[in-house]
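# Predicted model, plus sequence, below.
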Number of protein chains: 2
Amino acid sequence: MDITNAPVAFSALSQPTRLDVFRLLVKAGNDGMLSGELGQRLNVRQNTMSANLSILLQSGLIRNERMGRTIRYFADYDGIHGLLAFLMEDCCGGKPEFCEPLIDQITCTPKEHKEDNDTRYLS
Amino acid sequence: MDITNAPVAFSALSQPTRLDVFRLLVKAGNDGMLSGELGQRLNVRQNTMSANLSILLQSGLIRNERMGRTIRYFADYDGIHGLLAFLMEDCCGGKPEFCEPLIDQITCTPKEHKEDNDTRYLS
DNA sequence: TCCATATATCATGAATTATTGATATACTGA
DNA sequence: TCAGTATATCAATAATTCATGATATATGGA
């Protein structure tokens, strides 16, 4: 997986099923959800869900882990943080020292992991 | 102008020129920017810029004001706040009382205007 | 090794979106 | 009222995206 730009991520979120998937994963937190579970929950066919999950994966907003026969998907908070930081860059009147901690908070970035933050979107 | 859903807003941000416009307006803050100014700055033809601004307007992420012959565009913080709140709903493990103030902060929502917040995206 | 389950990939057609040249509208000042 | 500037709309083509049926791959258990 290799994300290079923000339009790809927003494009991923622009499709209703994918937005639903993303929000379910945000709510699911560390538990994540299985691919099949998402398909059942949202009443989406298997190959359609697979294609949509693939697009979300490429966007860097979610990640996955194979658990035996099944694959579990999670919201990727680093990716989310990077995207929102890019989107709202200088949002507080060009005072990043004021704005950045707030972006950390909205994306639930723990202070002790701040050095791992995704900066791919930042210019 | 009447925005009804989040996919429209993310779709608006999924196009590179529109994302650039949005970010310029976020940075510009209360000064906003003229349509022609945006076109020059991003090297985009007049009618293309007009079409893209129209799409951003429909998304509720920006607003405009005619000033004589020119039209000035601004980031719409209420719209932005509503979208991000919807996107990250329950992001902190289903504890909105912890999460919501952070969303207010990232979108620079002043406390005294909280009652005006856009809730169109919230379920 | 064979079967069943879970997920991914492929090819296709339908629908949507983006850009452009041309033209229309809105406003200002002379 | 006319000319000029700023912006919007229209029509058309090109490009992209979507969901789907069919099929392939990966894993686990008997």
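That came through, no problem. Numbers count the residues shown, from 1 in each chain, chains lettered A, B, ... in the order given.

# Name the residues of chain A found near DNA strand D, please.
For chain A, the contact set with DNA strand D under CB under 7 Å from any atom of the strand comprises A:11, A:14-15, A:17, A:44-45, A:47-48, A:51-52, A:55, A:66, A:68-69. Any C-beta I mention is one placed from the backbone N, CA and C, and that applies to glycine too.

# of these, buried ones?
A:11, A:14, A:15, A:17, A:44, A:52, A:55 (16 or more other CB atoms under 10 Å in any protein chain shown).

# From those residues, which land in helices?
Those of those mapping onto helices are A:11, A:17, A:52, A:55, per DSSP state H.

# near chain B, from those residues?
residue A:11 (CB under 8 Å from any CB of the partner chain).

# what residues does chain A put near DNA strand C?
So far as CB under 7 Å from any atom of the strand goes, chain A lies against DNA strand C at A:34-36, A:39, A:46-47, A:49-51, A:53-54, A:64, A:69-71.

# Please tell me I have it right and residue A:14 contacts residue B:18.
No. Residue A:14 is beyond contact range of residue B:18, at 11.5 Å (criterion: CB atoms under 8 Å).

# Which residue ranges make up each domain of chain A?
Following automatic domain parsing, chain A resolves into domains at A:6-75, A:78-116.

# what's the average pLDDT for the longest one?
Here domain A:6-75 scores 96 as its mean pLDDT.

# show me where chain A has strands.
Taking DSSP state E as the criterion, chain A carries its strands at A:33-34, A:62-67, A:70-75.

# ok, now which ones touch the nearest residue to residue A:64 once chain neighbours are set aside?
In space, and not counting its chain neighbours, residue A:64 is closest to residue A:73: 4.8 Å by CB to CB, 6 or more residues apart in numbering or on different chains. Residue A:73 makes contact with A:21, A:25, A:32, A:33, A:34, A:35, A:38, A:53, A:56, A:62, A:63, A:64 under the criterion CB atoms under 8 Å, 6 or more residues apart in numbering or on different chains.

# tell me which residues form a beta bridge with the fourth one?
Partner residues in beta bridges with residue A:33, using DSSP bridges, are residue A:73.

# wait, doesn't it sit right on residue A:27?
No. Between residue A:33 and residue A:27 there is no contact under CB under 8 Å: 9.3 Å.

# Which residue is the nearest non-sequential neighbour of residue A:66?
residue A:72 (7.8 Å).

# distance of that neighbour from chain B?
For residue A:72, the distance to chain B (CB to the nearest CB, to the nearest Å) stands at 18 Å.

# Then residue A:59?
From residue A:59 to chain B the distance is 10 Å (CB to the nearest CB).

# who's in contact with the closest residue in space to that residue that isn't next to it in sequence?
Closest residue to residue A:59 apart from its sequence neighbours, by CB to CB, 6+ apart: residue A:12 at 3.7 Å. Taking CB under 8 Å, 6+ apart, we find residue A:12 in contact with A:18, A:22, A:55, A:56, A:58, A:59, A:61.

# Which of these ranks first by neighbour count?
residue A:61 (28 neighbours; other CB atoms under 10 Å in any protein chain shown).

# What is the burial count for the closest residue to it other than its chain neighbours?
Computed as CB to CB, 6+ apart, the closest residue to residue A:61 that is not its neighbour in sequence is residue A:79, at 5.0 Å. The tally of other residues near residue A:79 (other CB under 10 Å) stands at 22.

# so residue A:79 touches residue A:13, yeah?
No. Assessed by CB under 8 Å, residue A:79 is found out of contact with residue A:13, at 11.6 Å.

# what do those two both touch?
In terms of CB under 8 Å, 6+ apart, residue A:79 and residue A:13 are both contacted by the residues A:59, A:61.
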